[in-house]
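In: Coordinates only, no sequence provided:
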């Protein structure tokens with residue numbers, strides 16, 4: 001094996017390798033990913049042209065190794081060839097078109113079949129649009145839910161937002177530039193205009209941009225402009241409303257009968273999207289009153 005950069009490539013152990021690829025800037029690929037692409041016996045890609053271009057940029061020759069297209073439309077036809085290579089003890093590397101395989105990507109069934117057949121499955125981790133967006137959005141990252149693409153139709157999209165809106169976490173979506181304005185408009189009507197939102201566009205690329213504000217503000221902006229490029233939408237969790245104090249007390253009393261003051265405070269604060277300190281102080285007071 002030849003070197004990538006200034007280090008020697010070690011031979012790969014047999015099995016299937018899922019290789020994360022850049023979401024924009026080509027230099028965001030990892031050294032290990034380059035090693036895997038240089039060493040694997042068989043290469044597979046969601047888009048073979050994109051992978052060839054990436055390998056050319058980094059000086060990795062394909063040589064006489066097979067490069068197999070594997071995507072949503074040909075999975076049943078391409079998968080047996082890759083499984084056969086694994087059965088022969090070869091190393092197979094699959095690369096997504098951009099980002100981490102299996103995340104809004106057709107690699108899942110290949111992973112599932114390889115695991116079921118007892119072949120080793122490895123990851124060469126790297127770029128992810130989800131984590132990149134969470135890093136720069138300015139919304140809480142302690143809990144988040146990736147919900148992929150919302151449905152195309154207005155009624156189904158709104159139904160999905162109603163359900164997801166109850167989740168106490170930052171919501172992360174992929175969205176098309178043609179539909180993002182309609183999605184935000186629906187979110188305003190379903191979730192209310194006060195929720196925080198960040199729209200991350202063209203991450204790691206030349207025209208990277210983040211729009212931040214509440215849903216009403218961003219909705220107004222999108223009524224006046226058409227966004228372009230790859231888009232990740234992040235919506236903050238429900239803002240605490242004026243919660244009935246009697247209701248909070250009753251929830252705390254119930255929780256305190258089953259758990260500690262700390263755990264009860266955490267549970268009630270999360271359920272009502274309230275500051276934990278405020279609920280904890282009330283729990284301490286209730287605990288003393290009951291004592």
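Out: Alright, I've got the coordinates. From a predicted model like this one, the values you see are computed outputs, not experimental measurements.

In: from here on, contacts and neighbour counts on C-alpha atoms
Out: Noted.

In: ranges for the helices of the stretch 51-200 of the chain?
Out: Using DSSP state H, counting those that start in this stretch, the helices of the stretch 51-200 of the chain run over 75-87, 108-116, 129-137, 154-164, 180-191.

In: and the first one, what does it pack onto?
Out: Contacting helix 75-87 under the criterion 3 or more Cα pairs under 8 Å, 6 or more residues apart in numbering; DSSP states H and E are the following elements: strand 91-95.

In: Paired strands for the strand it packs on, with orientation please.
Out: Strand 91-95 has the following sheet partners, assigned by DSSP bridges: strand 15-19 (parallel), strand 42-45 (parallel).

In: For that strand, which outside residues touch it?
Out: Outside strand 91-95, the residues within contact range by Cα atoms under 8 Å, 6 or more residues apart in numbering are 12-21, 36-37, 40-46, 51, 82, 85-86, 101, 107.

In: Got the phi and psi for residue 266?
Out: phi -60, psi -50 (degrees, to the nearest 10).

In: if we can go back for a sec, out of the contacts of strand 91-95, which end up buried?
Out: 14-21, 36-37, 40-46, 51, 82, 85-86, 101, 107 (16 or more other Cα atoms under 10 Å).

In: I'd like the distance between residue 46 and residue 161.
Out: From residue 46 across to residue 161, the span is 30 Å (Cα to Cα, to the nearest Å).

In: Hmm, I typed the wrong one, I wanted residue 227.
Out: Counting by Cα to Cα, the gap from residue 227 to residue 161 is 21 Å.

In: So those two - more neighbours on which side?
Out: When residue 227 and residue 161 are compared for neighbours, residue 161 comes out ahead with 20 against 16, by other Cα atoms under 10 Å.

In: Look up the pLDDT of the more buried one for me, please.
Out: pLDDT, residue 161: 94.

In: ok, and what's touching the lengthiest helix in the chain?
Out: Using DSSP state H, we find that the single longest helix of the chain is helix 276-290. Here helix 276-290 makes contact (Cα under 8 Å, 6+ apart) with 249, 252, 253, 256, 261, 262, 264, 265, 266, 268, 269, 270.

In: I'd like those residues laid out as TSV, including pLDDT.
Out: Converted to TSV, the contacts of helix 276-290 look like this (pLDDT from 0 to 100):
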residue	pLDDT
249	84
252	86
253	86
256	86
261	90
262	90
264	84
265	86
266	85
268	82
269	80
270	73
